[in-house]
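Visitor: below are the sequence and a predicted model for it; my questions follow.
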Amino acid sequence: MLTIKDLCASVEDKEIIRQLSLEVKPGEVHAIMGPNGAGKSTLGNVLAGRPGYEATSGSVDFKGQDLLDLDPEIRAREGLFLAFQYPVEIPGVSNMELLKAAVDARRSHTGQPELSAIDFMKMAREASKAVDLDQSFLKRGVNEGFSGGEKKRNEIMQMMLMEPSLCILDETDSGLDIDALQVVAKGVNAMRSPDRSFIVVTHYQRLLDFIVPDYVHVLANGRIVKSGDKSLALELEAKGYSWLEDEVA
Amino acid sequence: MSEQVEQLIRKEYAAGFHTDIESETLPPGLNEDVIRFISAKKNEPEWMLEWRLKAYKIWLTMEEPEWAHVHYPEIDFQSISYFSAPKSYEDRPKSLDEVDPDLIETYNKLGIPLHEQEMLAGVAVDAVFDSVSVVTTYRAKLEEAGVIFCPISEAVHRFPDLVKKYLGSVVPQRDNYYSALNCAVFSDGSFVYIPKGVRCPMELSTYFRINEMNTGQFERTLIIADEGSHVSYLEGCTAPQRDENQLHAAVVELVALDNAEIKYSTVQNWYPGDENGKGGIYNFVTKRGICHTRAKISWTQVETGSAVTWKYPSCILKGDHSIGEFYSVALTNNYQQADTGTKMIHLGKNTKSTIISKGISAGHSQNAYRGLVRMGSSAAGARNYTQCDSLLIGDRCGAHTFPYIESAHPSAIVEHEATTSKVSDDQMFLCQQRGLDAEKAVSMIVNGFCREVFKQLPMEFAVEAGKLLEVSLEGSVG
Ligand SMILES: Nc1ncnc2c1ncn2[C@@H]1O[C@H](COP(=O)(O)OP(=O)(O)OP(=O)(O)O)[C@@H](O)[C@H]1O
Ligand SMILES: [Mg+2]
């Protein structure tokens, strides 16, 4: 699915990702944890192709293609989805309108027929129900006046509709109450399949009780400094990160 | 219909007139003889000629205004030709193959069907006559309701009393430099009269007058809604309009008598010049309406064309409890300049006005909102709400807001809100991450920004306006 080799990336000439390698196979769930400012969001942005986030060396293969060579919208149409840590508002553009354009773009890219307005509406209603957002959210401006938790659930709703092959969730759990956390986890779990992979960035082991990862990685200083299975998350919860930094140093 | 106009123009001229009336185009320049020529070509009655001449004399004493936030080379009014007859059938393109391919490409992007493209491009084919039959049915329906909708040149002959009474009653001859010029040399335009208590059975659209080419330069429109009547009027269309005349100075006058309502929607897409700012129309428009007791006038405009726009659709709220509205989207790209806004003049008690203005600037363009809200000394309990938002795309363009508020009555309330924002990188990236390319992303964000105004447009127009923004924004990103 995704093979990152010795990736270095910088933002505004500042190197943030340093020689990072990671292999994500189809169907796997990888959790990425690590201290603030370690470069977790940067990694997501580099993979999604955000302008200004520049890969300076190394390679990324996504489903057999050189990912770094693709425009951001092509990466999205190919099935790479990034759920944002801080979803932005787009006033006046309805959620529905963005979603329809997004789904149309992805489907036409992959040669699927365009959905009729009615079928799309049905799908959208189901997705909003699945993340426990009232249908009125479909008509509202994208994230316009949404609460923090509503924005996060909205990201998951978009993810469901786009049916990506690789989902990167950047701290989707922060700001969610316990019930919402379960709703989101349930949504993600329902989407797990042998040909869909997840990279879940989180600070809390709690999420990983619900979305059980195959691997847990610790990102510090732009590198993966330790990898393990889900028990690593528990260990981190107990000990924090400093012991790792000591270990690496 | 074009035949009809041609006939009208070719009609015998008044005696004792000494310019060469055989010619179909006048040499450049403006003097009394030119005005006599225009009037004679239209076979106008004496009073109409006198009215034009009076305006011309006033114009001579006036100076071109310089206060607007626009810059353009000085206009030599003696180098302009003030009359040209419509192109004859033989001179028109025989098929779309003979039309500028860029224009055709834009038509296609806007999704304009082939036969309409032929009509718009003035192709000399029979297809054009399909539209004549549409126009005929349409006219019959209006006549049944007693609605008058005809070229103003025709109204001068058929309804002289109405024209005499109302022409220049809202925008007087001496109102401003360009309107005075228009009064002197106006080519043609629409005349509408809605009788008392009648709800016009359909939207009136200049689109149905498309065959009457060559009215664009000094267009003159007069709409009278008699007591308790209701009309919605659409001007322009989204298809780009080319014109050999660089200077346009139109005048529109609206009269809403007691309890009447006029909704006037415009999509303006005159040629804006190329991406380097060469060419393009100078559009200096005077639009104003007067509201009598409990009447309502609503201006909605989508302005994307022209190299220079100078335009302030306004309302004089004369009658008590009358309502004025102004909803505007003005988009400038490349080197376009727009100075547009409105004037709400509150005279009556408890009059209300709403101004929603959305300015979008891209490229190297300059976009200014200029609005006046005046609460007269008799305007007890009057209210205005103004919201004026600017959106910048890129960092080489400019947005400016010039609100003028004058309140002579202590109980009048004026509220003004203004914002300036940018299409943010975050918004762009969110859209791209959802699979939209940069151009689609910008157009979606801009359309969202304009939503409040688009809501005011008749359905069909709103969809077209969205597409128009998309096409107009091309090349503004990446
Ligand atoms: N656009 C930017 N301009 C300048 N510096 C940036 C930019 N984006 C990220 N950085 C810097 O890169 C480093 C890594 O940031 P990043 O957001 O990837 O951290 P993170 O691991 O996601 O942290 P958190 O857990 O707080 O979300 C930080 O020092 C941050 O300040
Ligand atoms: Mg982060």
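Guide: Arrived safely, thanks for sending. Ligands and ions are numbered 1, 2, ... in the order given.

Visitor: every contact and neighbour count from this point should use C-alpha atoms.
Guide: Fine.

Visitor: and the residue of the stretch 1-150 of chain B found nearest chain A, how far is that from residue B:460?
Guide: Residue nearest to chain A within the stretch 1-150 of chain B (C-alpha to the nearest C-alpha): residue B:109, separated by 17.6 Å. According to C-alpha to C-alpha, to the nearest Å, residue B:109 and residue B:460 sit 16 Å apart.

Visitor: which of the two has more residues huddled nearby?
Guide: residue B:109 (14 against 8; other C-alpha atoms under 10 Å in any protein chain shown).

Visitor: for that one, list the residues it contacts.
Guide: Shown in contact with residue B:109 (C-alpha atoms under 8 Å, 6 or more residues apart in numbering or on different chains): residue B:471.

Visitor: so what pLDDT did it get?
Guide: Residue B:109 carries a pLDDT value of 72.

Visitor: remind me which residues of chain A are low pLDDT?
Guide: A:245-249 (pLDDT under 70).

Visitor: if you set the cut-off to 90 instead, what comes out?
Guide: Across chain A, the ranges flagged by pLDDT under 90 are A:114, A:117, A:174-180, A:204-206, A:233-249.

Visitor: show me which residues of chain A are close to chain B?
Guide: Neighbours of chain B within chain A, by C-alpha under 8 Å from any C-alpha of the partner chain: A:48, A:50-51, A:72-77, A:81-82, A:87-94, A:98, A:101-102, A:105-106.

Visitor: these in helices, which ones?
Guide: A:48, A:72, A:73, A:74, A:75, A:76, A:77, A:98, A:101, A:102, A:105, A:106 (DSSP state H).

Visitor: surely the first one touches residue B:432?
Guide: No - taking contact to mean C-alpha atoms under 8 Å, the distance of 9.3 Å between residue A:48 and residue B:432 leaves them out of contact.

Visitor: now the common contact residues for the two.
Guide: A:72, A:76.

Visitor: contact partners for the residue sitting nearest the centre point of chain A?
Guide: Residue closest to the average C-alpha location in chain A (C-alpha atoms, centre = their mean): residue A:168, at 1.9 Å. If you count contacts by C-alpha under 8 Å, 6+ apart, residue A:168 has them with A:44, A:80, A:81, A:82, A:83, A:198, A:199, A:200, A:201.

Visitor: from memory the third one sits against residue A:167, does it?
Guide: Yes - Residue A:81 sits in contact with residue A:167 when judged by C-alpha under 8 Å, with a separation of 4.9 Å.

Visitor: mutual contacts of those two, please.
Guide: With C-alpha under 8 Å, 6+ apart, residue A:81 and residue A:167 have common neighbours residue A:159.

Visitor: same drill for those two, tell me which one is more crowded.
Guide: residue A:81 (27 against 22).

Visitor: would you mind measuring from the more buried one to ligand 1?
Guide: Using C-alpha to the nearest ligand atom, to the nearest Å, residue A:81 is found at 17 Å from ligand 1.

Visitor: neighbouring contacts of stretch A:140-157?
Guide: So stretch A:140-157 is in contact with A:83-84, A:87-95, A:98, A:127-128, A:130-133, A:172-173, A:175-177, A:180, A:184, A:187-188, going by C-alpha under 8 Å, 6+ apart.

Visitor: quick check: residues of chain A near ligand 1?
Guide: By C-alpha under 6 Å from any ligand atom, the residues of chain A that approach ligand 1 are A:11, A:12, A:16, A:35, A:36, A:37, A:38, A:39, A:40, A:41, A:42.

Visitor: show only the entries of those found in helices.
Guide: Judged by DSSP H, the subset of the residues of chain A next to ligand 1 located in helices is A:40, A:41, A:42.

Visitor: by neighbour count, which of those residues wins?
Guide: residue A:40 (25 neighbours).

Visitor: roughly how far apart are that one and residue A:33?
Guide: In terms of C-alpha to C-alpha, residue A:40 sits 8 Å off from residue A:33.

Visitor: name the residues contacting each of those two.
Guide: Joint contacts of residue A:40 and residue A:33 (C-alpha under 8 Å, 6+ apart) are A:201, A:219.

Visitor: who are the packing partners of whichever strand or helix holds residue A:128?
Guide: Counting by DSSP states H and E, the element that carries residue A:128 is helix A:117-130. Applying 3 or more C-alpha pairs under 8 Å, 6 or more residues apart in numbering or on different chains; DSSP states H and E, we find helix A:117-130 packed against helix A:148-162.

Visitor: can I get whichever helix or strand comes after the helix it packs on in PDB? Just the C-alpha atoms.
Guide: Per DSSP H and E, helix A:148-162 leads on to strand A:166-170 as the next helix or strand towards the C-terminus. Taking C-alpha atoms only, strand A:166-170 is exported to PDB below (Å, rounded to 0.1, in the frame of the first residue of the first chain):
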ATOM      1  CA  LEU A 166      -5.300   4.800   2.700                       C
ATOM      2  CA  CYS A 167      -6.700   6.800   5.600                       C
ATOM      3  CA  ILE A 168      -4.500   9.100   7.600                       C
ATOM      4  CA  LEU A 169      -6.300  10.300  10.800                       C
ATOM      5  CA  ASP A 170      -4.500  13.200  12.400                       C
END
